[in-house]
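Chemist: Return atomic coordinates for the entry below.
(one chain, ligands or ions: 1)
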Amino acid sequence: MAFTVAIDGPAAAGKGTISKAVAAHFGFAHLDTGLLYRATGARMLEGSDPVDAARALRPEDLQRDGLRRADVAEAASQVAANPDVRAALLAFQRRFARLGDGAVLDGRDIGTVICPEAEVKLFVTAAPEIRARRRYDELVDSGAETSFQDVLADVRARDARDMGRADAPLRPAGDAVEIDTSDLSIDQAVARAVAVIAAAR
Ligand code: C5P
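Modeler: Predicted coordinates:
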């Protein structure tokens, strides 16, 4: 029987890093569900209708270059507010959650909507300034020219849209375990997540 780990939280809180690490630790499959919305957003930027794009999405679309760009992140958060886009992406995520021995899905609504029956739910957060600082450092390392204030404004705008939308807003499931990574190293955050999952297995 598949064991599902749902990991939700706002942008740049450390979900992706923690998800990859715990998937590797337990030998589980991992799906970064943000890529589904980013791939759909990228198609919208190219002129496609977002609902058609979400319905036509194929696994190889998740490997496209450029999905990490800031304009694609913004487009992702716009298309993610459309209930028809979310509905089109639901079945793929639910099937993934039941693949093999175990699966880790990370996103915004995994514990609340996609996998409310997940065996483990984590809600990974950090203060907005800290998340913006991490994202800014990543962008600068990758050669992008931006300012900390712009990145902070983007983080806040995306938080507001993700938490404020009517359909599947970002919020912790009632039975989620919260991990605030503001004052944790990556290793400490991963160790906490591994401990919660190990206790539930
Ligand atoms: O996690 P990531 O930054 O890649 O997500 C991009 C955008 O996709 C988020 O800002 C959010 O609007 C949307 N998203 C979502 N539900 C998910 C994953 C991502 O609405 N499960």
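Chemist: Residues of the chain that sit close to the ligand?
Modeler: 11, 33-34, 37-38, 73, 76-77, 80, 107-110, 158, 162 (CB under 6 Å from any ligand atom). For the C-beta atoms, the positions are set from N, CA and C on the backbone; glycine is no exception.
Chemist: are any of those residues buried, and which?
Modeler: 11, 33-34, 37-38, 73, 76-77, 80, 107-110, 158, 162 (16 or more other CB atoms under 10 Å).
Chemist: Keep only those of the residues you listed that are in strands.
Modeler: If you go by DSSP state E, those have G107 in strands.
Chemist: which of the buried ones among the residues of the chain next to the ligand sit farthest apart?
Modeler: The most widely separated members of these, counting by CB to CB, are A73 and I110 (18.3 Å).
Chemist: So which of the buried ones among the residues of the chain next to the ligand sit within helices?
Modeler: When DSSP state H is applied, these are split such that 34, 37-38, 73, 76-77, 158, 162 fall in helices.
Chemist: just those residues now: which is nearest the ligand?
Modeler: Proximity of these to the ligand (CB to the nearest ligand atom) peaks at G34, which lies at 2.2 Å.
Chemist: doesn't S77 make contact with that closest one?
Modeler: No. Look at G34 against S77 with CB atoms under 8 Å: they stay out of range, at 9.4 Å.
Chemist: Average pLDDT for the one helix or strand R133 maps to, rounded please.
Modeler: Using DSSP states H and E, R133 sits within helix 128-141. On average, the pLDDT along helix 128-141 is 95.
Chemist: buried set for that helix?
Modeler: Buried residues in helix 128-141 (16+ other CB under 10 Å): 128, 130-136, 139.
Chemist: shaky segments in this structure?
Modeler: Within the chain, the ranges that satisfy pLDDT under 70 run 1.
Chemist: hang on, the earlier thing: from the buried residues of helix 128-141, which single one is nearest the ligand?
Modeler: The ligand lies nearest to R135 out of those, by CB to the nearest ligand atom, at 9.5 Å.
Chemist: OK, contacts around the closest one?
Modeler: 11-12, 151, 154-155 (CB atoms under 8 Å, 6 or more residues apart in numbering).
Chemist: before we move on, what about R43?
Modeler: Counting by CB under 8 Å, 6+ apart, R43 makes contact with 50, 53, 61.
Chemist: that older thread, and of the buried residues of helix 128-141, the nearest to H25?
Modeler: Looking across the buried residues of helix 128-141 and measuring by CB to CB, the closest to H25 is R134, at 21.8 Å.
Chemist: burial of R161, as a residue count?
Modeler: R161 is flanked by 16 other residues according to other CB atoms under 10 Å.
Chemist: Next one: it from M44, what distance?
Modeler: 15 Å (CB to CB, to the nearest Å).
Chemist: Likewise for S77?
Modeler: Noted for S77: a distance of 11 Å to M44, by CB to CB.
Chemist: likewise V151?
Modeler: From V151 across to M44, the span is 22 Å (CB to CB).
Chemist: before we move on, the earlier item: please export the alpha-carbon coordinates of the helix holding R133; PDB is fine.
Modeler: Extracted as PDB, the C-alpha positions of helix 128-141 are listed here (Å, rounded to 0.1, in the frame of the first residue of the first chain):
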ATOM      1  CA  PRO A 128       8.700  36.300   4.500                       C
ATOM      2  CA  GLU A 129      11.900  38.200   4.800                       C
ATOM      3  CA  ILE A 130      13.900  35.000   5.300                       C
ATOM      4  CA  ARG A 131      12.200  33.300   2.300                       C
ATOM      5  CA  ALA A 132      12.900  36.400   0.200                       C
ATOM      6  CA  ARG A 133      16.500  36.400   1.300                       C
ATOM      7  CA  ARG A 134      16.900  32.800   0.300                       C
ATOM      8  CA  ARG A 135      15.300  33.300  -3.100                       C
ATOM      9  CA  TYR A 136      17.300  36.500  -3.700                       C
ATOM     10  CA  ASP A 137      20.600  34.700  -3.000                       C
ATOM     11  CA  GLU A 138      19.600  31.900  -5.400                       C
ATOM     12  CA  LEU A 139      18.700  34.400  -8.100                       C
ATOM     13  CA  VAL A 140      22.000  36.300  -7.700                       C
ATOM     14  CA  ASP A 141      23.900  33.000  -7.700                       C
END
